[in-house]
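>>> Sequence first, then the predicted structure, then my questions.
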Amino acid sequence: MTSTTTSLAETGTAGHLPLVLAEQVTKSFGNHQVLSGIDFSVEAGEVACIIGPSGSGKSTFLRCLNALEKPNGGRIRIDGEDVGFNYRKGKFHEWNSAEYAKFRLNVGMVFQRFNLFANMTALENVACGPARVKGEPKKLALARAEELLERVGLAGHGHKYPMKLSGGQQQRVAIARSLAMDPQVMLFDEPTSALDPELVDEVLEVMKSLAVGGMTMVLVTHEIGFAREVADSLAFIDGGVVVEKGNPRELIANPQHERTQQFLSKVL
Ligand SMILES: Nc1ncnc2c1ncn2[C@@H]1O[C@H](COP(=O)(O)OP(=O)(O)OP(=O)(O)O)[C@@H](O)[C@H]1O
């Protein structure tokens, strides 16, 4: 991002900004350019789905949104805040590790592999963030975790360790764990791809209920049906750029770009 520091300072933050705003984001790993100038935005309360071929940069972009990867150029703002930078005394300063940690509490992320703590029960997995990271009293964090497990359809399962839960149940615990931090936006990276087909719907149903409840969500997915039914916008990423973005139903029914048409013809 260093190369863009001057232009960042000049751009300013006046006017309405979407909750999530990415402008011309680039990212390389060595000589391999993975993101070549991504423009992307999501309004508060909206669900944005991202589709695209394997290796097109979808996960890398999501990781940039959550500051798990550092872009080489461009600008990402969440709720008007520059991800990775503070603007002080007329200059951009890179975040320190405490600022990165604080930011991630505000942006939930659910991964393909559920990443639960194997030595904690479902309840402890959900309660540990508020109790250990936010310093919430343990009793309160556990009571809230009970409520969240109920919300994802897992009432009565709180005492179980992850290995005693199905993949779909584990992913729902992971969603509850993310919700426990009261995130402003939730990012999902192919949350159903590691599940047996018969377990996919139970996770999609939970995500649908979050969407109906007004949660702002960015979702990398192969679930075109979910995108069509639930999402407010759909972006097709290929070769590290957003090739096409629009209303999901329109984009799926009538893709404008040849690359989008080719991709959809393979997955529909
Ligand atoms: N940490 C890394 N180091 C080196 N290369 C990486 C790293 N992370 C991702 N890549 C490369 O970046 C490219 C894009 O990967 P990414 O995971 O973002 O794609 P994707 O669109 O999410 O693919 P998929 O749908 O298969 O998950 C790939 O070629 C991948 O090998």
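Received the coordinates, thanks.
>>> List, one by one, the residues from the stretch 51-200 of the chain near the ligand.
With CB under 6 Å from any ligand atom as the criterion, the stretch 51-200 of the chain comes near the ligand at residues 52, 54, 55, 56, 57, 58, 59, 60. No exception for glycine: its C-beta is placed from N, CA and C like everyone else's.
>>> JSON lines for those residues, including distance to residue 205?
JSON lines is the format used below for these (distance: CB to CB, whole Å):
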{"residue": "52", "distance to residue 205": "25"}
{"residue": "54", "distance to residue 205": "26"}
{"residue": "55", "distance to residue 205": "30"}
{"residue": "56", "distance to residue 205": "28"}
{"residue": "57", "distance to residue 205": "29"}
{"residue": "58", "distance to residue 205": "23"}
{"residue": "59", "distance to residue 205": "24"}
{"residue": "60", "distance to residue 205": "28"}
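>>> which pair in the residues you listed spans the largest distance?
54 and 60 (12.3 Å; CB to CB).
>>> Which of those two has more residues huddled nearby?
Under the criterion of other CB atoms under 10 Å, the comparison of residue 54 against residue 60 puts residue 60 first, with 21 against 7.
>>> Could you tell me which residues make contact with the more buried one?
Applying CB atoms under 8 Å, 6 or more residues apart in numbering, one finds that residue 60 lies in contact with 27, 34, 35, 69.
>>> how far out from the middle of the chain is the helix or strand it falls within?
Take DSSP states H and E as the rule and residue 60 turns out to sit in helix 58-65. Remark: helix 58-65 is offset 8 Å from the chain centroid, using CA atoms, centre = their mean, to the nearest Å.
>>> likewise stretch 50-60?
On the basis of CA atoms, centre = their mean, stretch 50-60 is displaced by 13 Å from the centre of the chain it belongs to.
>>> Alpha carbons only: can I get that stretch in CSV?
Extracted as CSV, the C-alpha positions of stretch 50-60 are listed here (Å, rounded to 0.1, in the frame of the first residue of the first chain):
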residue,chain,number,x,y,z
ILE,A,50,-18.5,-13.4,-4.9
ILE,A,51,-18.1,-16.2,-7.5
GLY,A,52,-15.3,-17.1,-9.9
PRO,A,53,-13.0,-19.9,-11.0
SER,A,54,-10.5,-21.6,-8.8
GLY,A,55,-7.4,-19.5,-8.4
SER,A,56,-9.0,-16.3,-9.5
GLY,A,57,-8.2,-14.5,-6.2
LYS,A,58,-11.5,-14.7,-4.3
SER,A,59,-10.0,-15.9,-1.0
THR,A,60,-7.1,-13.6,-1.3
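>>> Noted, bye for now.
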